[in-house]
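**Q** predicted coordinates and the sequence they were generated for:
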Amino acid sequence: MKKALVDLFNNLFGVFVLIAVLIGAVVAFMFGAGFVLGGPAATQMALTGKKFLDYAIKIAAVGVLFGLFSFYTRGSHELTISNDHQESETREVA
């Protein structure tokens, strides 16, 4: 059950972050096209892009929340300091 929950949180994390990154790519394209077009069309594209980015930030925050759920459901995460690596090095030297 725990592994299934961790997998679900990992998948949700991936989906939400992927959506946020894709929205960011669309907005980057909009800003680039607006830079080429110029004038009032560029202003409107930039304002629309800002609205999209506001949603992307919220979506990414939800994705990060699922990532944190995954870390703490699993019981460990990549930033945990452990002495396992140091102990194995000292055994090899001795």
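**A** Here it is on my side, so go on. Residues are numbered from 1 along each chain as shown.
**Q** which helix or strand contains the residue nearest in space to the middle of the chain?
**A** For the chain, V17 is the residue whose C-alpha lies nearest the centre (Cα atoms, centre = their mean; 4.1 Å). Secondary structure assignment for V17, by DSSP states H and E: helix 2-37.
**Q** for that helix, which positions count as buried?
**A** 6, 9-10, 12-13, 16-17, 19-20, 23-24, 27, 30-31, 34 (16 or more other Cβ atoms under 10 Å). In this view, the C-beta of every residue, glycine as well, is placed from N, C-alpha and C.
**Q** tell me who's in contact with the residue nearest to the centre of the chain.
**A** For V17, the contact set (Cβ atoms under 8 Å, 6 or more residues apart in numbering) comprises A60, G63, V64, G67.
**Q** which of those lies closest to K50?
**A** Lowest distance from K50 to those (Cβ to Cβ) belongs to A60, with 15.4 Å.
**Q** contacting residues for the residue lying closest to the closest one once chain neighbours are set aside?
**A** The shortest distance from A60 to any non-neighbouring residue, by Cβ to Cβ, 6 or more residues apart in numbering, is to A20 (3.8 Å). For A20, the contact set (Cβ under 8 Å, 6+ apart) comprises A56, I57, I59, A60, G63.
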